[in-house]
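Q: got a structure for you, letters missing:
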């Protein structure tokens, strides 16, 4: 058995590490393209961009570790089943359970790593990342803007301009939105200047030669009416609209902090709904065992399909991951509906996948 375990461990560890590395690199590349516009048109140092990207790595690992191990298992066990290696082991009197035991242990270990990440590391990294973005905006609001693209980083507004020179924007279009993201008005100006008012913690945009239009709430384009126009029209935007208060941001809280809030709500009710906190708590615990759940369903599925092609294992992995996370988002989407018990619904993907995996494992062990 030592030789068999060595073979299985070597194959799966190498494949899993390679897949995790590739997936993490690709997702970091996507993050890089999102972060770079903050720095391309400003004098901010590039090491800040690198730091922002690496602060996102723990979150990426919570996604790539389960997917990487699942893909490795699908490929290795699919190949072993196709080559009749598992059949030969059964003929030698070795059951399926001892063969897969090392992989189950590996999945439990990686699930513990995932728990550590989602419970402590990811919230702290996201909190620090948000603080860095706040500092960037506070010290250089121009980092929010990019020419020749619609910018939606300013809450309640969308803005477009063709080019800039220093703090002056040319050919400016600004659309105002309500809380439901419906268009309520627009401003078109030949130029606009941007000034940071640190004394009042606000960003002041002054539109030059501006023309305004007002839009009806029913969205009827025929009812659009002209608004004011003038040589100069200043607009002040509070800096605190660019970021949420760190202490109350749920995603930035560690699990112990969320537990403390829930206990405080139970001992001294404040009227604030506890459902979002309960759902977040259960979601993180449930999410941390994703690696184990994927392996429970992945091993028997790989054995049953008996396919040695690598691309087939990758396709099945993608399908399992997609279905799992889509189901998981249902619980997240219901976190404000306390009557539907979203904190329990969030466990549905794990329960469903593990039940299917147990059934498939039973079928595979009977053959």
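A: Okay, I see it. Note that the structure is predicted; figures quoted are calculated from it, not measured. Numbers count the residues shown, from 1 in each chain.
Q: Which residue lies nearest the spatial centre of this protein?
A: What sits nearest the mean C-alpha location of the chain, by Cα atoms, centre = their mean, is residue 59, with 7.2 Å.
Q: any idea how far it is from residue 121?
A: Here residue 59 is placed at a distance of 9 Å from residue 121 (Cβ to Cβ, to the nearest Å). For glycine as for every other residue, the C-beta is placed from the backbone atoms N, C-alpha and C.
Q: what residues are shared contacts of these two?
A: Residues touching both residue 59 and residue 121 (Cβ atoms under 8 Å, 6 or more residues apart in numbering): none.
Q: Spell out the residue ranges of the strands in the protein.
A: Assigned by DSSP state E, the strands in the chain fall at 157-160, 163-165, 168-177, 183-197, 202-214, 225-238.
Q: what residue ranges in the stretch 101-250 of the chain score low on pLDDT?
A: 133-144, 153, 155, 179-181, 198, 201, 216-230, 239-248 (pLDDT under 70).
Q: returning to that earlier point: what's the pLDDT at the residue nearest to the centre of the chain?
A: For residue 59, the pLDDT comes out at 89.
Q: So it is in contact with residue 126, correct?
A: Yes - when contacts are counted by Cβ atoms under 8 Å, residue 59 is listed as touching residue 126 (7.1 Å).
Q: so what's residue 77 closest to, chain neighbours aside?
A: residue 302 (3.9 Å; Cβ to Cβ, 6 or more residues apart in numbering).
Q: got it, and residue 175?
A: residue 158 (4.5 Å).
Q: show me the contacts for that neighbour.
A: 150-152, 174-175, 177.
Q: List the buried residues in stretch 177-193.
A: 177, 183, 185-189, 191-192 (16 or more other Cβ atoms under 10 Å).
Q: Just put these in a markdown table and tack on distance to residue 15.
A: As requested, the buried residues of stretch 177-193 are exported to a markdown table (distance: Cβ to Cβ, whole Å):
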| residue | distance to residue 15 |
| --- | --- |
| 177 | 47 |
| 183 | 50 |
| 185 | 56 |
| 186 | 54 |
| 187 | 55 |
| 188 | 56 |
| 189 | 57 |
| 191 | 57 |
| 192 | 54 |
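Q: Residue 297: which of those is nearest?
A: residue 177 (42.9 Å; Cβ to Cβ).
Q: how about the strands of the chain in JSON lines, adding distance to residue 297?
A: Output for the strands of the chain, formatted as JSON lines (distance: least, Cβ to Cβ, whole Å):
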{"stretch": "strand 157-160", "distance to residue 297": "43"}
{"stretch": "strand 163-165", "distance to residue 297": "53"}
{"stretch": "strand 168-177", "distance to residue 297": "43"}
{"stretch": "strand 183-197", "distance to residue 297": "46"}
{"stretch": "strand 202-214", "distance to residue 297": "50"}
{"stretch": "strand 225-238", "distance to residue 297": "49"}
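Q: Would you mind confirming that residue 129 is in contact with residue 53?
A: No - Residue 129 lies out of contact with residue 53 (Cβ under 8 Å); the separation is 9.5 Å.
Q: So which elements touch the helix ranked longest in the chain?
A: Counting residues, the longest helix found in the chain (DSSP state H) is helix 2-35. Under the contact criterion of 3 or more Cβ pairs under 8 Å, 6 or more residues apart in numbering; DSSP states H and E, helix 2-35 touches helix 46-55, helix 57-82, helix 96-116.
Q: Show me how far the last one is from its chain's centre.
A: With Cα atoms, centre = their mean, to the nearest Å as the basis, the distance from the averaged C-alpha position of helix 96-116 to the chain average is 24 Å.
Q: and what of the longest one?
A: Helix 57-82 sits 19 Å away from the centroid of its parent chain (Cα atoms, centre = their mean).
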